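A.B. asks: What follows is a predicted protein model with its sequence.
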Amino acid sequence: MQVRVLISAEEIARRVQELGREISADYQGRSILVIGILKGAVVFMSDLIRHISVPLEVDFMAISSYGEATETSGVVQLLKDLDRPIEGRDILVVEDIVDSGLTLSYLSQLLKSRKPATLKTAVLLDKPERRRTEFTPDYVGFAIPDEFVIGYGLDYNHRHRELPYVGVLEK
Ligand code: 5GP
């Protein structure tokens, strides 16, 4: 396996710290329910929450992924729901990457139907060229070109999530 590094561990750490500060400023005087989307968001979320200085709770949702393919089918299946209701809460959904936008727009609609006070989204990576639906995340770590990336939580065929950087797998 050869991996070309796209975003180094140091660059990620700097940017995640900035995002944490920005989120803390935006939510001053409130508390957040941070919802991580399993499994890809786990690494980003665990670093991000340690840079957020307002009170927060965490919960998780799991949805169907591409399986072994590298493109979304457009069909999103809920595999694990939240443990608790979100009505009246300030929600921050944390996801690894937004690509077509189908996953996050589906999830946002689903969560909005449960009447949170506010709902925002934070993604580490954004591939704006690939959008197939109108969706704009509130917080973006890095915009990247249309390449399939792995590492820092992102997998290929269930592997490589543990890499400390974001890279492109080269065959
Ligand atoms: P969307 O619904 O926006 O097309 O896709 C979102 C999901 O697709 C992400 O949560 C992630 O699981 C997967 N995905 C999209 N692009 C990539 C990529 O470059 N690498 C990996 N590992 N997963 C991706």
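C.D. replies: In hand now; what should we look at? It should be emphasised that the depicted structure is a prediction, and the values quoted were computed from it without experimental measurement.

A.B. asks: for this protein, what spans make up the helices?
C.D. replies: Under the criterion DSSP state H, the chain contains helices at 9-26, 42-49, 102-112.

A.B. asks: For this structure, what lies in contact range of the ligand?
C.D. replies: Applying C-beta under 6 Å from any ligand atom, we find that the chain lies next to the ligand at 40, 65, 72, 95-103, 148-150, 154-156. Where C-beta positions appear, they are placed from N, C-alpha and C, glycine not excepted.

A.B. asks: which among these end up buried?
C.D. replies: Among these, those classed as buried by 16 or more other C-beta atoms under 10 Å are 40, 65, 72, 95-103, 149-150, 154-156.

A.B. asks: For the residue lying closest to Gly20 once chain neighbours are set aside, the count of nearby residues, please.
C.D. replies: Spatial nearest neighbour of Gly20, excluding adjacent residues (C-beta to C-beta, 6 or more residues apart in numbering): His51 at 2.4 Å. For His51, the tally of surrounding residues (other C-beta atoms under 10 Å) stands at 16.

A.B. asks: Spatially central residue in this protein, please.
C.D. replies: For the chain, Glu95 is the residue whose C-alpha lies nearest the centre (C-alpha atoms, centre = their mean; 1.1 Å).

A.B. asks: hey, what's that residue bridged with?
C.D. replies: Val123 (DSSP bridges).

A.B. asks: Give the residue farthest from the middle of the chain.
C.D. replies: Relative to the chain centroid, the chain (C-alpha atoms, centre = their mean) has Lys171 farthest, 26.1 Å.

A.B. asks: Model confidence for that one, exactly?
C.D. replies: As predicted, Lys171 sits at a pLDDT of 77.

A.B. asks: contacting residues around it?
C.D. replies: The contact partners of Lys171, taken as C-beta atoms under 8 Å, 6 or more residues apart in numbering, are Gln2.

A.B. asks: quick one: it and Val149, what's the gap?
C.D. replies: 14 Å (C-beta to C-beta, to the nearest Å).

A.B. asks: Kindly report the same for Val123.
C.D. replies: Taken as C-beta to C-beta, the span from Val123 to Val149 is 12 Å.

A.B. asks: Repeat that for Gly29.
C.D. replies: To Val149, Gly29 is 36 Å away according to C-beta to C-beta.

A.B. asks: Also Arg15?
C.D. replies: As judged by C-beta to C-beta, Arg15 and Val149 stand 15 Å apart.

A.B. asks: Show me where the protein has its strands.
C.D. replies: Here the chain has its strands, by DSSP state E, at 2-7, 32-38, 56-63, 78-80, 90-98, 118-126, 139-143, 149-150, 166-170.

A.B. asks: Report the angle between the fifth one and strand 166-170.
C.D. replies: It stands for strand 90-98. 30 degrees (axes from the mean of the first three to the mean of the last three C-alpha atoms, to 10 degrees).
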